[in-house]
Each structure stands twice: as C-alpha cells, then as structure tokens.
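K.L.:
Predicted coordinates and the sequence they were generated for:
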Amino acid sequence: AHALRATWQQRHGNVLTVDGYQSTGGIAHALANTADQLYERLDPPGRQVARRLLLSLVKVGEGTEDVRRPMPYETLLAHSRDPDRAAEIITSFTDARLLTRGADQVALTHEALLRAWPRLREWIDADRPGNIVRQELEDAAAGWRRADRDAGLLYRGSRLEA
C-alpha cells in the first residue's frame with residue numbers, strides 16, 4: 001500500500017506507470033524516504049522522542065532477525081519523557097502509514113522498515129546489547145505488573161547488576 005501510494009504521487013494523470021513506480025525506488029526506498037522526511041521535520045527533542053518510541057516497537061534479535069514488536073499505546077505514552085509529543089509522533093507516523101494503531105496497540109506497519117530505513121537500522125545496531133537488555137527489562141516489568149507486583153519476580157544479584 002505504501003509503494004502504491006508513492007507511485008500514485010508519481011502518476012501521469014490517472015495512470016500508474018512502471019516508470020512512476022521505479023522513480024519511487026520501490027518499496028524500500030519509498031518507506032525510507034517517508035520515514036526520513038517525517039523525522040527531519042522534528043526538532044531535536046522530538047527526534048529523541050521518536051527514536052525511543054520507534055526502538056520500543058522493535059524486538060531486537062539476539063542471534064535472530066529483528067522483528068516488529070507491537071506495544072500498548074498507553075505504555076508508549078507513559079514511558080515517554082514527553083507524552084504529548086509522543087502522541088503527535090505516533091499520529092504523524094500513523095498518518096504516513098509507517099505505524100499502525102489499533103484499538104490499544106501500536107506497531108510498525110511494515111517489517112521492511114526495519115531493513116529499509118538506514119537511520120532505524122543504525123539506532124538498532126548502535127547499541128544492540130543495550131537494546132536487548134532494555135527490552136528484557138520492559139518485558140520483565142510488564143510481567144511483574146501482570147503478577148500484581150510479586151516481589152519474587154524482582155531482579156536480584158547479577159541480573160540486577162546487568
């Protein structure tokens with residue numbers, strides 16, 4: 001759908017052409033171009049919010065491929081330093097069809113975005129071990145909350161050290 005939309009923007013009258021599709025660079029380029037345009041419109045604090053938000057929507061693989069990671073909308077806002085800005089960014093990226101927002105979940109719309117957008121790829125790879133620890137901690141915290149804050153689930157020893 002994203003590539004079709006980009007191709008429509010390159011149409012000749014009401015006709016979609018192969019040349020129009022190729023001028024978009026195909027799916028990967030269209031996704032990366034749209035994501036970069038949205039990101040570049042943000043001021044520096046907005047870019048920090050966007051980075052954290054988008055990294056939260058990625059399950060960083062440990063010896064496996066990185067994949068999309070849907071997150072509750074309210075959780076994304078609650079964990080943001082600027083919930084109002086996070087809501088605006090989610091709306092902006094959703095309007096551009098890079099994010100999908102369901103009843104209470106937000107996810108990257110396209111798995112291809114993980115490979116096609118160099119900036120997101122750089123963020124993931126810049127601190128892969130840190131991203132893995134972060135997502136493990138987020139998952140453990142969610143499990144702790146689901147278990148009515150069971151003290152037995154709190155980190156201790158070397159796990160807490162890490």
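P.N.:
On my side now, so go ahead. Keep in mind that what you see is a predicted model, and the values were worked out from it rather than measured.

K.L.:
Identify each of the helices in the protein and give its residue range.
P.N.:
2-9, 18-23, 26-40, 44-56, 73-78, 83-95, 113-116, 118-126, 128-146, 157-161 (DSSP state H).

K.L.:
How about residues contacting the shortest one?
P.N.:
Spelled out, that is helix 113-116. Helix 113-116 is touched from outside by 27-29, 31-32, 35, 58, 66-68, 98, 108, 110, 120-121, 124, with contacts defined as Cβ atoms under 8 Å, 6 or more residues apart in numbering. For the C-beta atoms, the positions are set from N, CA and C on the backbone; glycine is no exception.

K.L.:
Ranking by neighbours, what's the top pick from these?
P.N.:
When the contacts of helix 113-116 are compared by neighbour count (other Cβ atoms under 10 Å), Leu31 ends up highest, at 28 neighbours.

K.L.:
Quick check: that residue touching Leu108?
P.N.:
No. Look at Leu31 against Leu108 with Cβ atoms under 8 Å: they stay out of range, at 9.9 Å.

K.L.:
Show the contacting residues for Ala35.
P.N.:
Applying Cβ under 8 Å, 6+ apart, the residues near Ala35 are 93, 96, 98, 113, 117, 119-120.

K.L.:
pLDDT score assigned to it?
P.N.:
Note for Ala35: predicted pLDDT of 94.

K.L.:
same question, Val60
P.N.:
92.

K.L.:
residues near the residue lying closest to it once chain neighbours are set aside, how many?
P.N.:
Using Cβ to Cβ, 6 or more residues apart in numbering and skipping the chain neighbours, the partner closest in space to Val60 is Asn131 (4.3 Å). By other Cβ under 10 Å, the residues close to Asn131 number 21.

K.L.:
Next, count neighbours for Ala103.
P.N.:
5.

K.L.:
Name the nearest residue to the spatially most central residue of the chain, ignoring sequence neighbours.
P.N.:
Nearest to the geometric centre of the chain sits Leu54, at 3.0 Å (Cα atoms, centre = their mean). Counting by Cβ to Cβ, 6+ apart, Leu54 lies nearest to Leu120, which is 6.1 Å off, once chain neighbours are set aside.

K.L.:
just His29 next, same as before
P.N.:
Nearest one to His29, counting by Cβ to Cβ, 6+ apart, is Ala116 at 7.3 Å.

K.L.:
Show me the shaky parts of this structure.
P.N.:
1-12, 16-28 (pLDDT under 70).

K.L.:
With distance to Gly143 as added columns, please give the contacts of Ala35 in a markdown table.
P.N.:
As requested, the contacts of Ala35 are exported to a markdown table (distance: Cβ to Cβ, whole Å):
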| residue | distance to Gly143 |
| --- | --- |
| Phe93 | 28 |
| Ala96 | 33 |
| Leu98 | 29 |
| Leu113 | 28 |
| Trp117 | 30 |
| Arg119 | 31 |
| Leu120 | 27 |
